[in-house]
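[1] fold the following.
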Amino acid sequence: MTSRDLPDGLGPAVDDWAADLDRTTRSGKGMRSALFDAVYTHAGGRDESVRAAACQALELLHEAFLVHDDVADGDDHRRGRPNLQGRTTTRGTEQGLSREAAAHVGMVGGLLGGDLLLVAAMGEFARLPVPGPVLHRAMAEVERAVVASIAGEYADVHGAAHGEPTTQEHALAIGAAKTAAYSVTLPMVLGVVLAGGPEEMIPPLRETGRHLGTAYQVVDDVLGVFGDPAVTGKSNEGDLVRRAPTVLLAFASTTDLWPRVDVALGGTDAGRADTDGARPDPAAARALLAECGARDHALGIAEDLVTAARAALDSPAVPHELRSALDPHLATALERTR
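    Alright, predicted model coming up:
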């Protein structure tokens with residue numbers, strides 16, 4: 001779908017890139033479409049064509065943001081295998097490009113691949129087979145979520161680049177913006193909008209989505225440091241090396257062990273990894289984060305967020321059947337291993 005309109009005659013490099021894009025966008029968890037489906041069905045939605053198109057658009061949007069996130073973080077693997085950026089970089093190296101040139105082509109390949117997926121997602125949203133006023137409302141929700149996610153991603157990269165420890169409130173705000181807005185809130189709100197469900201269902205679902213999506217991000221941050229790469233499919237050093245502004249580091253910065261954590265992360269005063277200062281030691285930083293209680297604290301925050309999500313969902317405006325259908329998603333937020 002994303003490559004069907006690519007112009008002819010651009011050469012095998014574009015064909016290879018499009019094929020790599022296709023290979024890296026086929027194995028997501030399907031959480032967003034599952035959330036949409038649950039709400040759409042219980043809000044009275046019955047149109048299979050609307051359901052299928054919305055689910056497809058939501059998953060494309062997710063894949064677009066994953067590709068862009070990997071570019072922003074400099075990651076070359078996702079789901080235990082080379083991502084689009086990694087594949088494109090490797091192909092360039094195999095074709096004789098210098099390491100620097102191949103890395104640049106890989107970065108651009110990831111950036112433009114994410115753009116292509118984003119355009120495809122927005123096209124799917126724009127073609128949803130619903131009346132004009134409903135489509136207008138739906139697109140406003142999509143735009144709201146996309147803007148939040150992009151701003152949140154920038155805040156994340158900016159915070160990591162400056163290296164100073166953030167506050168817990170700021171870390172949670174980043175998670176709510178870059179993850180919760182499009183991953184959880186948007187699917188559930190769209191489910192009501194596209195089904196023509198009661199307007200009063202939307203506020204509690206919006207609040208549930210913000211809390212639940214932020215909990216997902218906090219757990220993701222924990223897995224990004226303490227997870228097993230063989231299970232998570234991604235490095236457990238990247239967030240530490242780039243000093244990602246997470247709840248883990250926010251909490252650690254308030255403890256007596258922070259000076260040692262700071263040194264293990266490369267040291268903001270001693271110098272960063274790209275200077276003559278200390279080099280990051282992710283293993284030492286990981287051990288210190290566990291010792292100071294950052295891991296347990298972050299998991300406790302995630303539990304509190306899920307509790308808040310349950311409280312928001314326990315609203316008279318939300319049908320009991322829908323609460324039951326969404327309950328497994330709240331439970332699995334804390335049980336994730338990848």
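[2] any stretches of the stretch 1-150 of the chain with poor pLDDT?
    For the stretch 1-150 of the chain, the stretches flagged by pLDDT under 70 are 1-4, 26-28.
[3] please redo it, this time with the cut-off set to 80
    Within the stretch 1-150 of the chain, the ranges that satisfy pLDDT under 80 run 1-5, 25-29, 79-80.
[4] same question, the stretch 151-300 of the chain
    Within the stretch 151-300 of the chain, the segments meeting pLDDT under 80 span 267-278.
[5] what about the strands in it?
    Secondary structure of the stretch 151-300 of the chain (DSSP state E, counting those that start in this stretch): no strands located.
[6] any idea how far residue 50 lies from residue 324?
    For residue 50, the distance to residue 324 equals 23 Å [CB to CB, to the nearest Å]. No exception for glycine: its C-beta is placed from N, CA and C like everyone else's.
[7] so the two - more neighbours on which side?
    residue 50 (18 against 11; other CB atoms under 10 Å).
[8] which strand or helix spans that one?
    Assignment of secondary structure by DSSP states H and E places residue 50 within helix 48-73.
[9] helices or strands up against that helix?
    Helix 48-73 sits against helix 31-42, helix 84-94, helix 99-126, helix 132-162, helix 186-195, with contacts defined as 3 or more CB pairs under 8 Å, 6 or more residues apart in numbering; DSSP states H and E.
[10] need those helices in CSV with mean neighbour count and distance to residue 232, can you?
    Converted to CSV, those look like this (neighbours: other CB atoms under 10 Å; distance: least, CB to CB, whole Å):
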stretch, mean neighbour count, distance to residue 232
helix 31-42, 22, 15
helix 84-94, 21, 16
helix 99-126, 18, 20
helix 132-162, 16, 18
helix 186-195, 26, 23
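[11] include distance to residue 304 when you put those helices into JSON lines, please.
    Listed next are the helices and strands packed on helix 48-73 as JSON lines, based on distance: least, CB to CB, whole Å:
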{"stretch": "helix 31-42", "distance to residue 304": "21"}
{"stretch": "helix 84-94", "distance to residue 304": "35"}
{"stretch": "helix 99-126", "distance to residue 304": "32"}
{"stretch": "helix 132-162", "distance to residue 304": "20"}
{"stretch": "helix 186-195", "distance to residue 304": "20"}
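[12] of all the ones you listed, which one is nearest residue 225?
    Closest approach to residue 225 among the helices and strands packed on helix 48-73 (CB to CB): helix 132-162, 13.6 Å.
[13] was I right to think residue 292 contacts residue 259?
    No. Using CB atoms under 8 Å, residue 292 is not in contact with residue 259, being 11.1 Å away.
[14] the more surrounded of the two?
    residue 292 (21 against 12).
[15] which phi and psi does the more buried one have?
    Backbone torsions for residue 292, taken as degrees, to the nearest 10, come to phi -80, psi -10.
[16] and it, what does it touch?
    251-252, 255-258, 261 (CB atoms under 8 Å, 6 or more residues apart in numbering).
[17] how much space separates it from residue 256?
    Distance of residue 292 to residue 256, computed by CB to CB: 8 Å.
[18] then residue 301?
    For residue 301, the distance to residue 256 - CB to CB - is 20 Å.
[19] before we move on, what about residue 227?
    26 Å.
[20] tell me which of the two has more neighbours.
    Taking other CB under 10 Å, residue 227 and residue 256 do not tie; residue 227 has more neighbours (20 against 7).
[21] residue 286 is in contact with the more buried one, correct?
    No. Counting by CB under 8 Å, residue 227 stays clear of residue 286, with 10.5 Å between them.
[22] find the residues that touch each one of these two.
    residue 236.
[23] what's the most distant pair in the contacts of residue 292?
    Spatial extent of the contacts of residue 292 (CB to CB) is set by the pair 251 and 256 at 12.3 Å.
[24] ranges for the helices of the stretch 151-300 of the chain?
    Assigned by DSSP state H, counting those that start in this stretch, the helices in the stretch 151-300 of the chain fall at 168-175, 186-195, 202-226, 229-232, 238-241, 247-252, 258-264, 282-291, 294-313.
[25] and residue 72, which of the ones you listed is closest to it?
    Of all the helices of the stretch 151-300 of the chain, helix 238-241 sits nearest to residue 72, with 11.2 Å by CB to CB.
[26] touching that closest one from outside, list them.
    Contacting residues not belonging to helix 238-241 are listed as 73-75, 221, 224-225, 246, 265-266, 273, 280, 282, 285-286 [CB under 8 Å, 6+ apart].
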